[in-house]
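Trainee: one predicted model, sequence on top.
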Amino acid sequence: MKTVEYDNTFTTMKKQERKARQDIIISAAERVFSNKPFAEVSIRDIAKEAGISHASIYRYFPDQQSLFVEAFLKGSENIIQFLGALVNEKKAVSIEKVTEKFLNYLIENDQYFRMMTHFMLDGSLSGELVERLNTAERLLLDNMDRLFIKMKAKGNVRMLSHAYFAAMNGVLITFRNYPGRSREEVISHMMKLGQIIALKFKE
């Protein structure tokens with residue numbers, strides 16, 4: 001009996017250790033993504049940031065895409081949680097407030113936005129990775145559905161969520177690198193556009 005308990009404890013510890021090392025690598029990947037264009041990031045860059053050999057990374061992630069997806073999913077969890085908290089507030093929810101918070105989060109955490117757009121355009125991901133991304137997107141859209149339900153919006157709620165999500169991404173894609181403008185001017189412009197879009201969804 002004691003041997004079985006010891007084996008179970010040892011197995012649990014090994015799993016926890018593996019998870020801790022994966023988290024260290026993912027955190028290193030996030031730091032690299034925040035300082036370097038996504039398409040130029042390599043496993044060697046992440047390994048250097050994590051303080052390990054690049055070969056060691058493959059003990060925890062089968063390939064580069066798997067690591068990149070895990071890093072993105074960590075960021076998407078934060079988006080889903082804070083958006084869910086906003087929508088689930090007992091007081092009346094404001095689409096203007098949700099819009100401001102959503103845009104601001106992706107502006108301040110640009111690495112997640114760059115990863116998201118990369119995956120949206122990349123057709124080379126395996127079926128398993130695509131499904132994991134789709135699951136995260138569905139959870140995000142579920143929160144947007146609840147937003148429109150609380151607003152008593154008319155029409156197909158899921159289609160409204162898709163349209164809203166696409167509109168927010170469109171603002172960021174189009175204007176985040178607005179030439180000839182300061183960062184403050186760019187952010188102000190995107191926020192104003194976001195509010196115009198939010199008001200249209202209230203009509």
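Mentor: The structure has been received and is ready for your questions.
Trainee: any weak-confidence spans in the chain?
Mentor: Along the chain, the parts satisfying pLDDT under 70 run over 1-7, 10, 13, 123.
Trainee: so which residue is smack in the middle of it?
Mentor: With distances taken as CA atoms, centre = their mean, the chain has residue 76 as the residue nearest its mean C-alpha position (2.7 Å).
Trainee: isn't it up against residue 111?
Mentor: No: counting by CB atoms under 8 Å, residue 76 does not reach residue 111; the two are 11.9 Å apart. In this view, the C-beta of every residue, glycine as well, is placed from N, C-alpha and C.
Trainee: which helix or strand contains the closest residue to residue 46 other than its chain neighbours?
Mentor: With sequence-adjacent residues excluded and distances taken as CB to CB, 6 or more residues apart in numbering, residue 46 is closest to residue 29, at 4.8 Å. In the assignment (DSSP states H and E), residue 29 maps to helix 2-35.
Trainee: equivalent analysis for residue 130, please.
Mentor: helix 127-150.
Trainee: that helix: how far from the chain's middle?
Mentor: 11 Å (CA atoms, centre = their mean, to the nearest Å).
Trainee: quick check: buried residues in that helix?
Mentor: 129, 132-133, 136-137, 139-148 (16 or more other CB atoms under 10 Å).
Trainee: also stretch 31-46?
Mentor: For stretch 31-46, burial by neighbour count (16+ other CB under 10 Å) applies to 31, 32, 33, 38, 41, 43, 45, 46.
Trainee: contacts made by it with the rest, please.
Mentor: Contact with stretch 31-46 is made by 25, 28-29, 49, 54, 57-58, 64, 67-68, 71, 109-111, 114-115, 118, as judged by CB atoms under 8 Å, 6 or more residues apart in numbering.
Trainee: test my guess that the residue nearest to residue 46 contacts residue 66.
Mentor: No: the pair formed by residue 29 and residue 66 falls short of the contact definition of CB under 8 Å, at 11.1 Å.
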